[in-house]
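> got a structure for you, letters missing:
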């Protein structure tokens, strides 16, 4: 056994390993390191942010740019087609309302007014004829009342969208039985030869003037206003569709120019097809709407305006005829505020409004305006015939009034409602027939022009939608061809 050399310290036993520090009590150094590592760990990004980054990165490459261009072109062309179909459908619907709804309702309202005025005029003529109305007079009165009643039922069924029209229809429905009841009272008293019959006739006329005719006129004005609104809707230009078409075409031209500058290829068949389809839709839209606007404008200027003036002229002539008859019925018993015969003054005012003085219907009178609005001989001839009849009517009326003022009532009556020779009744019938002929002609003119305008829009909504889809497909295929070069 060997011994360590003298003077050397003996070796020390190795120190036992130190126990590990508890996990729950980290040292200051390890906590600091953990905090530093946590501070440098990036936060988790959202899927949206990562998608945006990928899109941004893809957009920096040519394939990525082409995909974006293709999507934008397809969206613009499809939007153009959709907006065109929407706006043209709205205008076609408004044009259809002009022809098949609002103009017919306006015409029906005018017929209600005319039928009521004619019934009142006929009733006065029947009363003048004596207790027993002539058969033709009775039938005409009953036909007028039946026509007005039937048209009121129709107007009530079509006035749901207009509160004012519905209110006027209710007034007419309430007051018409009151009026017919007063007429029957007048007729019954007239049959017995009682003077009270004339009073009932005046009450009936007052009901017609103060309640029925104002309500009928207001209904006519309401329906005519609706017609004007439909005209405005049908004729308004589809600016949104035109703007969308211009934007789509501009984008397609830019895309083809860009493709040419990068590839030196003159044509891209897909983009060229998309451009052609969009150009066809835009040209079709502009042309069709221009034709529709022209046709509808013609139907308004040469049809609707003439119809309104002629309707007013016919109604005014009826009022004049009624006042003429009531002048003889009342025999000066009804005076206005100036102490003048109420009905004779009304007759004079109506005739002045209808045709002015005896020199002919001048500008500003109803028949004068009707002649100016008529644009062909078929329209002007009946109006001129009516003007001549009004002149003769006035002449005979003055003779009848002079005869009546001389105390020859029966002779004056013959000049107004006589069955033979020249009478004011015969001239009135000629005026009414002339205006009816002119109305029928202008109604045909209106319908022809309005149908032309409405027909110009036919097929455009569906055609625009189909061509827009084809254009979008062509644009996508054109861009796809370029993308295939990068695979």
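Done, it's in. Quantities reported herein were computed from a predicted structural model and do not represent experimental measurements.

> drop to CA atoms for contacts and neighbour counts, all remaining ones
Will do.

> residue nearest the middle of the chain, spatially speaking?
residue 230 (1.0 Å; Cα atoms, centre = their mean).

> do you know the pLDDT at residue 465?
pLDDT recorded at residue 465 is 90.

> elements contacting the helix or strand that contains it?
Element membership of residue 465 [criterion: DSSP states H and E] is helix 460-484. Using 3 or more Cα pairs under 8 Å, 6 or more residues apart in numbering; DSSP states H and E, the elements in contact with helix 460-484 are helix 62-97, helix 269-299.

> redo these as a markdown table? Include mean pLDDT, mean neighbour count and distance to residue 46.
Shown next, in a markdown table, are the helices and strands packed on helix 460-484 (pLDDT from 0 to 100; neighbours: other Cα atoms under 10 Å; distance: least, Cα to Cα, whole Å):
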| stretch | mean pLDDT | mean neighbour count | distance to residue 46 |
| --- | --- | --- | --- |
| helix 62-97 | 87 | 21 | 22 |
| helix 269-299 | 91 | 21 | 37 |
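
> so can I have a markdown table of these showing distance to residue 354?
Shown next, in a markdown table, are these (distance: least, Cα to Cα, whole Å):
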| stretch | distance to residue 354 |
| --- | --- |
| helix 62-97 | 31 |
| helix 269-299 | 24 |
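
> of those, which is nearest residue 196?
Among the helices and strands packed on helix 460-484, the nearest to residue 196 by Cα to Cα is helix 62-97 (49.2 Å).

> contacting residues for the residue nearest to the centre of the chain?
94-95, 97-98, 102 (Cα atoms under 8 Å, 6 or more residues apart in numbering).

> next one: residue 233
When contacts are counted by Cα under 8 Å, 6+ apart, residue 233 touches 91, 94-95.

> secondary structure element for it?
Per DSSP H and E: residue 233 is located in helix 213-235.

> what angle separates that helix from helix 62-97?
Here helix 213-235 runs at an angle of 150 degrees relative to helix 62-97 (axes from the mean of the first three to the mean of the last three Cα atoms, to 10 degrees).

> pull out the buried positions in helix 213-235.
Within helix 213-235, the residues that count as buried by 16 or more other Cα atoms under 10 Å are 213-224, 226-228, 230-235.

> which element follows it toward the C-terminus?
Using DSSP H and E, the helix or strand that follows helix 213-235 towards the C-terminus is helix 239-263.

> that next one: which residues count as buried?
241-242, 244-249, 251-253, 255-257, 259.

> which residues touch that helix?
69, 73, 76-77, 79-80, 83-84, 87, 265-268, 271-272, 274-275, 278-279, 281-282, 285-286.

> so it versus helix 269-299, what angle?
Going by the same axes, to 10 degrees, helix 239-263 is angled at 160 degrees with respect to helix 269-299.

> got the angle for helix 239-263 vs helix 460-484?
Angle, helix 239-263 to helix 460-484, by the same axes, to 10 degrees: 20 degrees.

> how far away from the center of its chain is helix 239-263?
35 Å (Cα atoms, centre = their mean, to the nearest Å).

> ditto for stretch 83-101
Distance of stretch 83-101 from the chain centroid (Cα atoms, centre = their mean) equals 9 Å.

> what's the first helix or strand after the helix or strand where residue 117 lies?
Using DSSP H and E, residue 117 sits within helix 103-128. As assigned by DSSP H and E, the chain's next helix or strand after helix 103-128 is helix 135-157.

> quick one: mean pLDDT for the next helix or strand after that next one?
Per DSSP H and E, the first helix or strand lying C-terminal to helix 135-157 is helix 163-191. Helix 163-191 shows a mean pLDDT of 89.

> what's helix 163-191 packed up against?
Packed against helix 163-191, as judged by 3+ Cα pairs under 8 Å, 6+ apart, are the following elements: helix 103-128, helix 135-157, helix 196-207, helix 213-235.

> could I get the buried residue list for the first one?
Residues of helix 103-128 classed as buried by neighbour count (16+ other Cα under 10 Å): 103-128.

> likewise for stretch 391-408?
Buried residues in stretch 391-408 (16+ other Cα under 10 Å): 391-394, 396-397, 399-401, 403-404.

> any idea how far that stretch is from the chain center?
The answer for stretch 391-408 is 48 Å, by Cα atoms, centre = their mean.

> repeat that for stretch 271-283.
Counting by Cα atoms, centre = their mean, stretch 271-283 comes out at 32 Å from the chain centroid.

> just stretch 154-169 next, same as before
With Cα atoms, centre = their mean, you get 16 Å for stretch 154-169.

> do me a favour and get the end-to-end distance for that stretch?
Its start and end residues considered, stretch 154-169 measures 10 Å (Cα to Cα, to the nearest Å).

> okay, and for the protein, where does confidence drop off?
Across the chain, the ranges flagged by pLDDT under 70 are 1-45, 47, 49-60, 131, 159-162, 264-266, 358-362, 420, 482-483, 485-487.

> what sits against the closest residue to residue 431 other than its chain neighbours?
In this structure, residue 431 finds its nearest non-sequential neighbour in residue 386, 4.6 Å apart by Cα to Cα, 6 or more residues apart in numbering. Shown in contact with residue 386 (Cα under 8 Å, 6+ apart): 367, 430-432, 434-435.

> hmm, 10 Å instead?
355, 361, 367, 380, 392, 427-435, 438 (Cα atoms under 10 Å, 6 or more residues apart in numbering).

> highest neighbour count among the residues you listed?
For these, the largest neighbour count, defined by other Cα atoms under 10 Å, is 28 neighbours, found at residue 367.

> quick check: that residue vs residue 173, distance?
32 Å.

> also residue 239?
Using Cα to Cα, residue 239 is found at 44 Å from residue 173.

> for residue 199, same thing?
Per Cα to Cα, residue 199 is found 24 Å from residue 173.
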